[in-house]
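Chemist: Provide a 3D model corresponding to the input given below.
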Amino acid sequence: MDIPEKMAEFSRLCTQRGLALTHQRQIIYRALLETYDHPNPEMVYERVRLELPNVSLGTVYKNLKTFLEAGLLREVSVHHEAMRMDANTEPHHHLVCVRCKSITDIGVGDLDPVVLRRRLPRGFRLQRVNVEIHGLCAACASPASLESSVEG
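Modeler: Numbers count the residues shown, from 1 in each chain. Now for the predicted structure:
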């Protein structure tokens, strides 16, 4: 699905979930769709400011929270330093660079199915399984990058 189709879906979902489809929300959501780097709210804010110079960081945070609560976004790696956003709500997993903290999507079909080998604790209700594979991205794993980290 391309960005115009995803924006049409966003519009439909906002209407379905009772969210006002404001100009600010459309720009914030489109900023998320136009990137694959799983941005934090500050990164989204910087992108949105290019189009809406008077937007506040608080407005961006508030709308991201609304999108999360409505299921229009996913929060990635809540245990990392900063909240990271993912507009891809289709099932997928992530490759996480331990050095630069970049996050890259990996399809569910690229891994063997995750199978629980024992029952979940009583009362726990599974919502989704998300696998994070930690390592070094291509840039951080390059010989030049590895040499500079040893020298520093």
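Chemist: residue boundaries of the helices in this protein?
Modeler: Applying DSSP state H to the chain gives helices spanning 3-16, 23-33, 41-51, 57-69, 138-141, 143-151.
Chemist: would you list the ones you listed in CSV and tack on mean pLDDT, distance to residue 102 and mean neighbour count?
Modeler: (C-beta placed from N, C-alpha, C; glycine too.) Output for the helices of the chain, formatted as CSV (pLDDT from 0 to 100; distance: least, Cβ to Cβ, whole Å; neighbours: other Cβ atoms under 10 Å):
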stretch, mean pLDDT, distance to residue 102, mean neighbour count
helix 3-16, 95, 22, 14
helix 23-33, 96, 16, 19
helix 41-51, 95, 12, 17
helix 57-69, 96, 20, 17
helix 138-141, 92, 8, 12
helix 143-151, 64, 13, 9
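Chemist: so for residue 119, which of those sits nearest?
Modeler: Proximity to residue 119, assessed across the helices of the chain by Cβ to Cβ, is greatest for helix 57-69 (29.1 Å).
Chemist: report the central residue of this structure.
Modeler: With distances taken as Cα atoms, centre = their mean, residue 86 lies nearest the centre of the chain, 1.8 Å away.
Chemist: would you mind measuring from that residue to residue 24?
Modeler: According to Cβ to Cβ, to the nearest Å, residue 86 stands 20 Å off from residue 24.
Chemist: re earlier: tell me which of the helices of the chain sits nearest to residue 126.
Modeler: Each of the helices of the chain has some distance to residue 126 by Cβ to Cβ; the shortest is helix 57-69, at 19.0 Å.
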